[in-house]
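Okay, here's the prediction I keep looking at, along with the sequence it came from:
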Amino acid sequence: IYLLSKMKEPLEILVEALAKLQDATGSQGSFSFPRIITVGNQSAGKSSIIEAIVGKPFLPRGADIVTRCPLRVRLQQTKSGTEEYAIFDYRNELESGKEQKFTDFKEVSDEIDRRTEQRTNKSKNISKEEIHLDIFSPNYPDLQFIDLPGFTKCPVKNQDDDIEQQILDLNIPYMEDENTIILAIQDATQDIAGSEALKHALDKKIDPNGDRTIGVLTKLDNLHSITDKKRVVDILENKTKPLKLGYIGVVNRSQQDIDQDLDIENTMENQNKVLDQSEFMRVRDKIGIDVLRRTITRILASRVKKMMPGFRQAREDELKHVIEQLKIHGFSSNGENDVDDLITSLVEKSISKIRLNLMGFDTRVTIETHNTGAELNKILKQGAIESSKKARQTHSVNEFHKKLRTNIEKVHAIRDNMLPVELVMEVGVSILTENYREPFKKLLDKSSDYLKKDLINLLDITLQPYPHFKDLIEKILLRELESNKSKAEEYLDVQINSHKRFINCEHTDFTKLNKELNEDGIRFRNPFNLWFTEKIPNSEGDRKDYDDRNQGEEINFFDEENEEEGVQSVRGYVNRLQEKDKVNGVHTNKLPSKPEHEAMLHLDLCIDYMEIIDKTLVDVVPKIFIMMLVMKMIDFLNGVDENGDSFKSSLLREVNKECKEKEKREHLVTRSHSHAMMVNELRERRKICEDTIRIIDETNTREG
């Protein structure tokens, strides 16, 4: 058998490389090598032509219409000496890992039959669903054939009445494809003027100039009369119905050969008998399957040559894209895996994502959801107000009053209670201030847990292809976050303790409290100016109402009948103890005469001073948390502090400390299975692009 290995070597390599590229990209639409289709009447010998070109019988045979759906056959050349085999739906089978190889081509024929019956529901109708068959052999270069259902005029039993139009509608789209070479098959015993294949192939919408149509006359061995032989010779000499690419005559396998299961080599004997006939002597160079193969090869070579400039430019563009993708995944320009550069790149990528998510101020910020920084700000601001509310309302007024009375007794001890002692107020402020510690620590836990969860999610997305590296970055960042959280807790304790242990009686706001904040534009207003479980207000109006109702008459705080009035009288108690001598201008303070009244004095002063502490903590504590959880994390990511000085450490420095050994670094950037497959595909595509460009350049050089 004449094999296509006689094709010029550079072209053969080019065809192979382009076929591999088609597999690598998985796209026939963006890249397609010329394919060959066979069209003609039923039983004109279309399937026999494909078998003869392949050199192996593998197609079903029978009466009536046998080819009832498109059969796409792709030849793929393998290494010399390897076994021939076939696979159906090769790409799908390869992806699923369940590919079934057929080495017995009789079984291939049976499988085509089975799939055809499946697609047509065991009827004589046709289906547009293709059957894909890949044949792997060392004997043929990469080519594609499509065997289509033959044209017919009359429906047979179990066929639709419009079968003629259905077959035409199926064939035409394949014929219209500019990248298709049409083998118009015609039975040599039939009049060429009635050829349906040529009629449709040369239609003005398909190939009116005959640039890609080859006429193929089959069954030359069935010509018996001299008249018929001369008629066919005229056709082969392109005299009867001229075609730009001309006509080729072939001898098909006879039905007797098929029935006796004789191989295709036996057909050569029949072909030689035809060539020995005197009528065909002058057209011997236009007869035979070898001639058809050479003609197809020549046409393919011509078309590929025209396509080469476009191929090369497309591969140049593809190569640039692939190299850029490989660089993103840690490969240098020469294709080597640069581990150090990849680690640095992944660290920088992580830093960029985290910083953007925390700090914002970038056009890359998405608008679908709030980022981490915005949510954390909301958690802290609202959480501070909630913490204030909880701290304020820890005790009841009676409970706190009793604590003050107890401490008055402890302070005086053996001594009589003559004058108020300021230490009692300090104890009261300390008790109330301590109530802030637990709510604010819970807020710190909530804030750090939210930030931790968000960091983990962000790293899962950003470093998904590198699970080992992701784990390392996650460990380092969470360790840093935990350290910063501990420091934030220390600073919180310092704030609480400093307010507990020292009262600034000269604070400018100590006498200016109880004024409601009415300025506009405050996003997180603190509406909680109530104290104790009884919700003692800070309103001047409440105190005035109290004075008007009681006309200066002091109410016994411990009188159960007047308990509600007593609770309200907590505010302004100190003011009511004061009076001014209008005559002498002497300002005097009344001193409480009983321990319970002294406790009321300290209670009133405590609330006044606690307004200062509350305002301070609600303002400062969120700042401490933001500084330690966010700003210090940013400093750690950047490696520099807010002054531009080198920070104590950085993410990159910590990564380098963790992986000083080469083996550890290589292990860190080990990819996930799916990512490794993607990188391998990129590398394969790069190689194919480079091979294609090189082969095209070699071909152009040789032709030049």
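Received it, and whenever you're ready, just let me know what you need.

other SSEs contacting the helix or strand hosting E111?
Using DSSP states H and E, E111 sits in helix 105-120. Using 3 or more CB pairs under 8 Å, 6 or more residues apart in numbering; DSSP states H and E, the elements in contact with helix 105-120 are strand 85-88, strand 131-137. C-beta: built from backbone N, CA, C; applies to glycine.

Now do the helices in the stretch 1-150 of the chain.
9-25, 46-54, 90-96, 105-120 (DSSP state H, counting those that start in this stretch).

returning to that earlier point: need the helices and strands packed on helix 105-120 in CSV with distance to A197, can you?
Listed next are the helices and strands packed on helix 105-120 as CSV, based on distance: least, CB to CB, whole Å:
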stretch, distance to A197
strand 85-88, 27
strand 131-137, 21
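
how about those in CSV, adding distance to K390 and mean pLDDT?
CSV is the format used below for those (distance: least, CB to CB, whole Å; pLDDT from 0 to 100):
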stretch, distance to K390, mean pLDDT
strand 85-88, 71, 90
strand 131-137, 70, 89
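
how close does the residue nearest to the spatial centre of the chain sit to K470?
The centre of the chain sits closest to I461, judged by CA atoms, centre = their mean, with a distance of 9.0 Å. According to CB to CB, to the nearest Å, I461 and K470 sit 10 Å apart.

Kindly report the same for I289.
60 Å.

Which one's more surrounded, the two?
More crowded of I289 and K470, by other CB atoms under 10 Å: I289, with 24 against 21.

pLDDT value on the more buried one, please?
At I289, the pLDDT value in this model is 85.

Leaving out chain neighbours, which residue sits closest to it?
Nearest residue to I289, sequence neighbours excluded (CB to CB, 6 or more residues apart in numbering): A52, at 4.4 Å.

you'd agree that neighbour is up against M268?
No: using CB atoms under 8 Å, A52 is not in contact with M268, being 10.0 Å away.

So which of these two has more stuff around it?
Using other CB under 10 Å, the more surrounded residue of A52 and M268 is A52, with 26 against 16.

before we move on, back to that, list the buried residues for the helix holding E111?
F105, V108, S109, E111, I112, R115, T116, R119, T120 (16 or more other CB atoms under 10 Å).

mind checking the SS state of Q464?
What DSSP: H, G, I helix; E, B strand; the rest coil gives for Q464 is coil.

And it, how far from L217?
61 Å.

Tell me which of these two has more neighbours.
Higher neighbour count among Q464 and L217: L217, with 26 against 13, using other CB under 10 Å.

Can you check what pLDDT the model gives the more buried one?
Reading off the model, L217 has pLDDT 92.

surely it meets Y247?
Yes: at 6.0 Å, L217 counts as touching Y247 under the criterion of CB under 8 Å.

which neighbours do those two share?
Any residue near both L217 and Y247 by CB atoms under 8 Å, 6 or more residues apart in numbering counts here, and that gives I235, L236.

where does the stretch 451-600 of the chain have low pLDDT?
Along the stretch 451-600 of the chain, the model assigns pLDDT under 70 to residues 508, 511-529, 534, 536-593.

again, only using 90
Along the stretch 451-600 of the chain, segments meeting pLDDT under 90 span 454-474, 501-600.

With the stretch 251-400 of the chain instead?
In the stretch 251-400 of the chain, residues with pLDDT under 90: 251-284, 287-316, 318-376, 392-393, 395-400.

show me where it has helices.
255-259, 265-275, 289-328, 339-359, 372-392, 397-412.

And for S650, nearest residue in space, chain neighbours not counted?
G639 (3.2 Å).

mind listing what the one you found touches?
Taking CB under 8 Å, 6+ apart, one finds S646, F647, S649, S650, L651, L652, R653 in contact with G639.

burial count for the first one?
S646 is flanked by 10 other residues according to other CB under 10 Å.

for the fourth one, same thing?
As a burial measure, S650 scores 20 neighbours (other CB under 10 Å).

Please apply the same query to the third one.
With neighbours defined by other CB under 10 Å, the count for S649 comes to 14.

which SS class is it?
coil.

So which of the helices of the stretch 251-400 of the chain is nearest V233?
Closest to V233 of those is helix 265-275 (CB to CB; 11.5 Å).

Touching the closest one from outside, list them.
Contacts for helix 265-275 (CB under 8 Å, 6+ apart): 1, 52, 220-221, 250-254, 257, 280, 284, 287-289.

name the helices or strands packed onto the helix or strand hosting S447?
According to DSSP H and E, S447 maps onto helix 437-462. Applying 3+ CB pairs under 8 Å, 6+ apart, we find helix 437-462 packed against helix 339-359, helix 372-392, helix 467-501, helix 595-626.

Name the stretch among those helices that sits most buried.
Stretch with highest mean neighbour count among these: helix 595-626 (a mean of 21; mean count of other CB atoms under 10 Å).

And that one, how far out from the chain middle?
53 Å (CA atoms, centre = their mean, to the nearest Å).

again with stretch 437-445
38 Å.

Repeat that for stretch 289-309.
Here stretch 289-309 shows a centroid-to-chain-centroid distance of 42 Å under the convention CA atoms, centre = their mean.

can you check stretch 198-207 too?
With CA atoms, centre = their mean as the basis, the mean position of stretch 198-207 lies at 46 Å from the chain mean.

again, but for stretch 651-671
On the basis of CA atoms, centre = their mean, stretch 651-671 sits 26 Å off its chain's mean C-alpha point.
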